[in-house]
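Visitor: I need the structure of the sequence given here:
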Amino acid sequence: MTRGGREKLLDDPERKCIATGEVQPKAGLIRFCLGPDDLVVPDILGRLPGRGFYVTAERAAIDKAAKKGLFARAARQPVKVPDDLADLVEALMLRRVIDLISLARKASGAVMGYEKVKDWLQKDKVRVLIQASNGSERGKTKLRAPDGDNSFIGFLSAEEMGLAFGRERAIHAALAAGGLTTRVVEEAARLSGLRLQIEEQDGGETALKDT
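Guide: Okay, the predicted model is just below:
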(Lines give C-alpha, C1' and ligand atoms only; values in the text may rest on other atoms or scores of the structure.)
Protein backbone atom coordinates (compact mmCIF):
# COMPACT_ATOMS: atom_id res chain seq x y z
CA MET A 1 0.00 0.00 0.00
CA THR A 2 1.13 3.56 -0.64
CA ARG A 3 1.05 6.37 1.92
CA GLY A 4 -2.06 7.64 0.14
CA GLY A 5 -3.92 4.44 0.95
CA ARG A 6 -3.91 2.81 -2.48
CA GLU A 7 -2.24 -0.31 -3.71
CA LYS A 8 0.70 0.60 -5.89
CA LEU A 9 0.11 -0.30 -9.54
CA LEU A 10 2.90 -0.80 -12.02
CA ASP A 11 1.50 1.82 -14.39
CA ASP A 12 0.79 4.43 -11.72
CA PRO A 13 2.62 7.68 -12.58
CA GLU A 14 5.08 8.56 -9.83
CA ARG A 15 6.35 11.90 -8.62
CA LYS A 16 8.80 13.04 -5.96
CA CYS A 17 7.52 14.83 -2.88
CA ILE A 18 9.45 18.09 -2.38
CA ALA A 19 9.04 17.81 1.40
CA THR A 20 9.95 14.17 2.12
CA GLY A 21 12.05 13.38 -0.93
CA GLU A 22 10.08 10.17 -1.41
CA VAL A 23 8.97 9.00 -4.86
CA GLN A 24 5.43 7.63 -4.85
CA PRO A 25 2.29 7.35 -7.04
CA LYS A 26 0.58 10.65 -7.81
CA ALA A 27 -2.58 9.35 -6.14
CA GLY A 28 -1.00 9.90 -2.72
CA LEU A 29 0.27 13.41 -3.48
CA ILE A 30 -1.15 16.91 -3.76
CA ARG A 31 -0.11 18.87 -6.84
CA PHE A 32 0.69 22.58 -6.53
CA CYS A 33 1.49 25.11 -9.21
CA LEU A 34 2.15 28.84 -9.48
CA GLY A 35 -0.80 31.11 -10.10
CA PRO A 36 -0.94 34.85 -10.75
CA ASP A 37 1.72 36.88 -8.92
CA ASP A 38 3.69 33.65 -8.32
CA LEU A 39 1.23 32.50 -5.65
CA VAL A 40 1.39 28.81 -4.73
CA VAL A 41 -1.98 27.27 -5.66
CA PRO A 42 -3.27 23.77 -4.75
CA ASP A 43 -4.27 21.86 -7.89
CA ILE A 44 -6.53 19.21 -6.39
CA LEU A 45 -7.70 17.85 -9.73
CA GLY A 46 -4.25 18.02 -11.31
CA ARG A 47 -5.46 19.96 -14.31
CA LEU A 48 -4.03 23.47 -13.97
CA PRO A 49 -1.43 24.52 -16.54
CA GLY A 50 2.20 25.05 -15.75
CA ARG A 51 4.87 23.15 -13.93
CA GLY A 52 3.67 21.19 -10.94
CA PHE A 53 5.21 20.57 -7.53
CA TYR A 54 4.13 17.54 -5.54
CA VAL A 55 3.75 17.13 -1.78
CA THR A 56 2.64 14.06 0.16
CA ALA A 57 -1.01 14.36 1.18
CA GLU A 58 -0.20 14.96 4.83
CA ARG A 59 -0.55 18.14 6.83
CA ALA A 60 2.97 17.88 8.23
CA ALA A 61 4.49 17.60 4.76
CA ILE A 62 2.57 20.61 3.44
CA ASP A 63 3.48 22.69 6.49
CA LYS A 64 7.13 21.74 6.05
CA ALA A 65 7.13 22.69 2.35
CA ALA A 66 5.53 26.04 3.18
CA LYS A 67 7.73 26.94 6.16
CA LYS A 68 11.06 25.72 4.80
CA GLY A 69 10.84 27.53 1.48
CA LEU A 70 10.66 24.27 -0.48
CA PHE A 71 8.19 25.61 -3.03
CA ALA A 72 10.61 28.40 -3.94
CA ARG A 73 13.45 25.92 -4.16
CA ALA A 74 11.45 23.63 -6.46
CA ALA A 75 10.32 26.57 -8.63
CA ARG A 76 13.83 28.07 -8.62
CA GLN A 77 12.35 31.51 -8.03
CA PRO A 78 10.69 33.54 -5.27
CA VAL A 79 7.09 32.49 -4.60
CA LYS A 80 4.25 33.55 -2.32
CA VAL A 81 2.79 30.89 -0.02
CA PRO A 82 -0.60 31.39 1.71
CA ASP A 83 -0.27 31.37 5.50
CA ASP A 84 -3.06 28.81 5.80
CA LEU A 85 -2.01 26.56 2.91
CA ALA A 86 -2.63 23.24 4.71
CA ASP A 87 -6.07 24.42 5.83
CA LEU A 88 -6.86 25.52 2.27
CA VAL A 89 -5.86 22.14 0.88
CA GLU A 90 -7.93 20.34 3.50
CA ALA A 91 -10.99 22.44 2.67
CA LEU A 92 -10.61 21.76 -1.05
CA MET A 93 -10.15 18.03 -0.49
CA LEU A 94 -13.16 17.92 1.82
CA ARG A 95 -15.27 19.63 -0.85
CA ARG A 96 -14.01 17.10 -3.39
CA VAL A 97 -14.97 14.11 -1.23
CA ILE A 98 -18.40 15.56 -0.43
CA ASP A 99 -19.08 16.27 -4.11
CA LEU A 100 -18.11 12.72 -5.12
CA ILE A 101 -20.36 11.18 -2.46
CA SER A 102 -23.16 13.45 -3.66
CA LEU A 103 -22.62 12.29 -7.23
CA ALA A 104 -22.72 8.67 -6.06
CA ARG A 105 -26.02 9.38 -4.27
CA LYS A 106 -27.54 10.90 -7.43
CA ALA A 107 -26.42 7.82 -9.37
CA SER A 108 -28.16 5.55 -6.82
CA GLY A 109 -24.77 4.39 -5.58
CA ALA A 110 -25.06 5.75 -2.04
CA VAL A 111 -27.61 5.72 0.79
CA MET A 112 -27.79 7.28 4.24
CA GLY A 113 -29.62 6.43 7.44
CA TYR A 114 -29.26 3.48 9.79
CA GLU A 115 -32.06 1.32 8.35
CA LYS A 116 -31.08 1.84 4.70
CA VAL A 117 -27.44 1.13 5.39
CA LYS A 118 -28.36 -1.95 7.42
CA ASP A 119 -30.52 -3.21 4.55
CA TRP A 120 -27.68 -2.74 2.05
CA LEU A 121 -25.27 -4.55 4.35
CA GLN A 122 -27.64 -7.49 4.65
CA LYS A 123 -27.92 -7.62 0.86
CA ASP A 124 -24.11 -7.40 0.39
CA LYS A 125 -24.49 -4.19 -1.59
CA VAL A 126 -22.04 -2.16 0.51
CA ARG A 127 -18.49 -1.53 -0.73
CA VAL A 128 -17.71 1.26 1.77
CA LEU A 129 -19.33 2.08 5.10
CA ILE A 130 -19.17 5.74 6.17
CA GLN A 131 -19.90 6.76 9.77
CA ALA A 132 -19.70 10.18 11.37
CA SER A 133 -16.73 10.83 13.62
CA ASN A 134 -19.02 12.56 16.13
CA GLY A 135 -21.80 9.97 15.99
CA SER A 136 -22.82 7.77 18.90
CA GLU A 137 -20.24 5.01 19.37
CA ARG A 138 -22.94 2.66 20.58
CA GLY A 139 -24.98 3.24 17.45
CA LYS A 140 -22.01 2.91 15.13
CA THR A 141 -20.94 -0.45 16.54
CA LYS A 142 -24.25 -1.95 15.41
CA LEU A 143 -23.10 -1.75 11.78
CA ARG A 144 -19.97 -3.48 10.53
CA ALA A 145 -17.98 -2.51 7.47
CA PRO A 146 -17.58 -5.20 4.81
CA ASP A 147 -14.36 -7.17 4.69
CA GLY A 148 -11.58 -5.77 2.53
CA ASP A 149 -9.17 -2.87 2.40
CA ASN A 150 -10.43 0.73 2.39
CA SER A 151 -14.00 -0.34 3.22
CA PHE A 152 -14.56 2.18 6.02
CA ILE A 153 -14.43 5.98 6.27
CA GLY A 154 -14.83 7.38 9.76
CA PHE A 155 -13.24 10.83 9.87
CA LEU A 156 -16.05 12.94 8.39
CA SER A 157 -18.34 14.76 10.80
CA ALA A 158 -22.10 14.28 10.74
CA GLU A 159 -22.49 17.82 9.41
CA GLU A 160 -20.02 17.19 6.59
CA MET A 161 -21.73 13.93 5.65
CA GLY A 162 -25.05 15.73 5.67
CA LEU A 163 -23.82 18.10 2.96
CA ALA A 164 -23.44 15.16 0.59
CA PHE A 165 -27.04 14.06 1.16
CA GLY A 166 -28.79 17.40 1.35
CA ARG A 167 -29.43 17.03 5.08
CA GLU A 168 -28.41 18.91 8.20
CA ARG A 169 -26.40 15.89 9.32
CA ALA A 170 -25.96 12.17 8.71
CA ILE A 171 -24.45 9.49 10.94
CA HIS A 172 -24.51 6.39 8.74
CA ALA A 173 -24.00 6.11 4.99
CA ALA A 174 -22.89 3.47 2.52
CA LEU A 175 -21.46 3.32 -0.98
CA ALA A 176 -22.03 0.55 -3.49
CA ALA A 177 -19.28 -0.77 -5.74
CA GLY A 178 -18.52 1.36 -8.79
CA GLY A 179 -16.25 3.91 -10.36
CA LEU A 180 -17.48 6.80 -8.20
CA THR A 181 -16.90 4.81 -5.03
CA THR A 182 -13.34 4.06 -6.13
CA ARG A 183 -12.77 7.78 -6.57
CA VAL A 184 -14.29 8.53 -3.15
CA VAL A 185 -11.92 6.02 -1.55
CA GLU A 186 -8.91 7.51 -3.34
CA GLU A 187 -9.73 11.09 -2.44
CA ALA A 188 -10.73 10.18 1.12
CA ALA A 189 -7.31 8.56 1.55
CA ARG A 190 -5.66 11.87 0.62
CA LEU A 191 -8.00 13.83 2.89
CA SER A 192 -7.33 11.55 5.86
CA GLY A 193 -3.68 12.62 5.99
CA LEU A 194 -4.79 16.21 6.36
CA ARG A 195 -7.21 15.47 9.19
CA LEU A 196 -4.97 13.80 11.77
CA GLN A 197 -5.14 16.76 14.15
CA ILE A 198 -8.93 16.84 13.88
CA GLU A 199 -9.19 13.15 14.67
CA GLU A 200 -7.13 13.65 17.82
CA GLN A 201 -9.60 16.26 19.03
CA ASP A 202 -12.74 14.22 18.37
CA GLY A 203 -12.65 12.61 21.81
CA GLY A 204 -13.87 15.83 23.36
CA GLU A 205 -16.84 16.27 21.07
CA THR A 206 -20.41 15.48 22.03
CA ALA A 207 -21.64 12.40 20.18
CA LEU A 208 -24.80 12.72 18.09
CA LYS A 209 -27.61 10.22 18.13
CA ASP A 210 -28.27 7.94 15.14
CA THR A 211 -29.74 9.50 12.02
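
Visitor: hey, which strand is longest across this protein?
Guide: strand 29-34 (DSSP state E).

Visitor: tell me the average confidence for the top helix by length along the chain?
Guide: In the chain, taking DSSP state H as the definition, the longest helix is helix 85-106. Mean per-residue pLDDT for helix 85-106: 97.

Visitor: So for that helix, what gets flagged as buried?
Guide: Within helix 85-106, the residues that count as buried by 16 or more other C-beta atoms under 10 Å are 85-86, 89-90, 92-94, 96-98, 100-102, 104-105. For glycine as for every other residue, the C-beta is placed from the backbone atoms N, C-alpha and C.

Visitor: Which stretches in this protein count as strands?
Guide: All strands of the chain, identified by DSSP E, fall at 14-16, 23-25, 29-34, 40-43, 53-56, 110-112, 128-131, 152-153, 172-175.

Visitor: Okay, and the beta partners of the residue lying closest to residue 56 once chain neighbours are set aside?
Guide: Ranked by C-beta to C-beta, 6 or more residues apart in numbering and with sequence neighbours excluded, the top spatial neighbour of residue 56 is residue 17, at 4.5 Å. Assessed by DSSP bridges, residue 17 has beta-bridge partners residue 54.

Visitor: and residue 17, what does it touch?
Guide: By C-beta atoms under 8 Å, 6 or more residues apart in numbering, the contact list for residue 17 reads 23-24, 29, 54-56, 61.

Visitor: Specify the residue positioned farthest from the middle of the chain.
Guide: No residue in the chain sits farther from the centre than residue 77, which is 30.6 Å out by C-alpha atoms, centre = their mean.

Visitor: Could you tell me what pLDDT the model assigned to that one?
Guide: Per-residue confidence at residue 77 stands at 95 (pLDDT).

Visitor: from memory it sits against residue 51, does it?
Guide: No: taking contacts as C-beta atoms under 8 Å, residue 77 lies outside contact range of residue 51: 10.8 Å.

Visitor: distance of the residue nearest to residue 56 from residue 31?
Guide: Per C-beta to C-beta, to the nearest Å, residue 17 is found 11 Å from residue 31.

Visitor: Between these two, which contacts overlap?
Guide: Residues touching both residue 17 and residue 31 by C-beta under 8 Å, 6+ apart: residue 54.

Visitor: which non-adjacent residue is nearest residue 39?
Guide: Spatial nearest neighbour of residue 39, excluding adjacent residues (C-beta to C-beta, 6+ apart): residue 80 at 4.7 Å.

Visitor: low-scoring pLDDT stretches of the protein, where are they?
Guide: Along the chain, segments meeting pLDDT under 70 span 1-11, 196-211.
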